[in-house]
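Student: Let me see the structure of the following:
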Amino acid sequence: MLLGARQTGKTYILDDFCRKNFENVIQLNFFENSELASLFQQSLKATDIIEKIELYFGKKIEIKSSIFFFDEIQECEQAITSLKFFAESPLPFKIVTAGSLLGVKINRMKTPFPVGKVKIEYLDPMDFEEFLWATDNTMFADAIKEHFLNNNALPAIIHNKILTLYRQYLCIGGMPASIKNFVENNKDLLLSDSTIKENILTGYLADMVKYAENMDAVKIHQVYRTMPAQLAKEQKKFMFKIVEKGSNAEKYQGAINWLIEANLLLRCSLVNSIQIPLNSYIVENFFKLYLSDVGLLTTLSKLKYSEIMQPDNMAFLGFLTQNYAAQALVANKIDLHYWNSGNKAEIDYVINTTDGLIPIEVKSSQNVASKSLSVYVGKFNPKYAIRISQKNFGLENNIKSVPLYATFCINNQL
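Tutor: Coordinates of the predicted model:
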């Protein structure tokens, strides 16, 4: 079962996988044809369902050489439940599933979810490494990983060239359709179609209406639309008063949870103690939220590409950078936590690695002066610290300098 936000390429990837690896692909799309749900009514016994599918397609299905692809499965709750019976069948059924808002659906199912019978994977928007692959810059991706490991600076001319590509990524983002259009238009920002991301956002807002109760949909809309204002303020902690004056967690927490379950927002939780496991030290109602894709944030914020490529206002570049870093860490399956000591210091991310709990500070420019990291290091003495910025690779005073474009190299195996 492949989970992820709409338009991240779930259907494309699974369809490609099926056709390259199996002689026969039986694909059921419950959104395109809602009547297919009737095949899963009355009986959820695997053989009964297969008989109905065979009648529908008018042919016998050779189970051993076939794979079933249930697409937009959120539209048929019985199909989700049936996966338990397919898994328990003695016949060698092979099934992959995908759908939009599956995270929301799973948490609100009226029938039992097949716990333990389904392997769940997540598909995030494409990260910067994948952007480099797509734009025929694989050599850069390989060089970045090599220099991340050895901490040796890249030649300045190469470093600056990759920083330009990084700023292009801030504009385009990681949605496959947006990157594909960028490549098809000779990687020219002026020629690329920015309405692709606008249409994706419109689809997200439409889903909020379709898959949420009326009053909840209004709250979900309000939270999502005010995200640029949340991120643009100096204090990045999520503030309910920005969504609605006088509002509180009780009123909007459900809407926030919905957006997180839908993979549209990423949550970064405050921890009050630097101990393992970090999740045990989360401070309730103190958190930051980021969009699942920095390109969508660029569009939602109505920023022009020229303003990002040649920024005069470093303030908005700062919140794009923070969102980019959060997105890159989540793509590497890292839980997001941050730490502060009241008004004295704040660390953007604390991650659990094989080297222990490592602090990460994110800067949008080459100016890396900050007392927060010094406060953290003095208090907790980590094995080393990471500073993400426009500066080149390096290791000095036990601080590992990671260029913004190399954030994708950070993982919990450090």
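
Student: just how off-centre is the lowest-mean-pLDDT helix or strand in the chain within its chain?
Tutor: None of the helices or strands of the chain scores lower by mean pLDDT, DSSP states H and E than helix 102-106, at a mean of 83. Distance of helix 102-106 from its chain centroid, counting by Cα atoms, centre = their mean, to the nearest Å, is 15 Å.

Student: can you list the residues that contact the next helix or strand after that helix?
Tutor: Next helix or strand after helix 102-106 toward the C-terminus (DSSP states H and E): strand 121-122. Residues from elsewhere that reach strand 121-122, judged by Cβ atoms under 8 Å, 6 or more residues apart in numbering: Met1, Leu2, Leu3, Gly4, Asn263. Every residue, glycine included, has its C-beta placed from N, CA and C.

Student: Direction included, what does strand 121-122 pair up with?
Tutor: Strand 121-122 pairs in its sheet with strand 2-3 (parallel), by DSSP bridges.

Student: any idea of the mean pLDDT for the strand it pairs with?
Tutor: Averaging pLDDT along strand 2-3 gives 94.

Student: domain parsing for the protein?
Tutor: 2-122, 195-409 (automatic domain parsing).

Student: Can you report phi and psi for the closest residue to Lys363 other than its chain neighbours?
Tutor: Nearest residue to Lys363, sequence neighbours excluded (Cβ to Cβ, 6 or more residues apart in numbering): Ser389, at 3.9 Å. Phi and psi for Ser389, reported as degrees, to the nearest 10, are phi -160, psi -170.

Student: Number of residues surrounding Ser389?
Tutor: Counted with other Cβ atoms under 10 Å, residues neighbouring Ser389 total 19.

Student: and if you look at Asp48?
Tutor: Other residues lying near Asp48 total 15 when counted by other Cβ under 10 Å.

Student: mind checking which helix or strand it is in?
Tutor: In this structure, Asp48 sits in helix 46-57 according to DSSP H and E.

Student: and that helix, how far from the chain's centre?
Tutor: Taking mean C-alpha positions (Cα atoms, centre = their mean), helix 46-57 and its chain are 36 Å apart.

Student: Equivalent analysis for stretch 296-303, please.
Tutor: Mean-position distance between stretch 296-303 and its chain equals 16 Å (Cα atoms, centre = their mean).

Student: cool, stretch 226-239 as well?
Tutor: With Cα atoms, centre = their mean as the basis, stretch 226-239 stands 19 Å off its chain's centre.

Student: who's in contact with it?
Tutor: Here stretch 226-239 makes contact (Cβ under 8 Å, 6+ apart) with 242-243, 256, 265, 270, 286-291, 297, 300-301, 315-316, 319, 322-323.

Student: Just the terminal-to-terminal distance for that stretch.
Tutor: Terminal residues of stretch 226-239 lie 10 Å apart, using Cα to Cα, to the nearest Å.

Student: residues of it that come out buried?
Tutor: For stretch 226-239, a neighbour-count test (16 or more other Cβ atoms under 10 Å) marks Thr226, Met227, Pro228, Gln230, Leu231, Lys236, Lys237, Phe238 as buried.

Student: Mind telling me what element the fifth one is part of?
Tutor: Just to be clear, that refers to Leu231. Counting by DSSP H and E, Leu231 is found in helix 227-232.

Student: C-terminal to that helix, what's the next element?
Tutor: Scanning forward in sequence from helix 227-232 by DSSP H and E, the next helix or strand is helix 240-243.

Student: Please name every helix or strand in contact with that next one.
Tutor: Secondary-structure packing of helix 240-243 (3 or more Cβ pairs under 8 Å, 6 or more residues apart in numbering; DSSP states H and E): helix 249-261.

Student: helices or strands next to the lengthiest strand in the chain in the packing?
Tutor: Across the chain, the strand with the greatest residue count (assigned by DSSP state E) is strand 282-291. Using 3+ Cβ pairs under 8 Å, 6+ apart, the elements in contact with strand 282-291 are helix 227-232, helix 249-261, strand 265-271, helix 294-300, helix 314-331.
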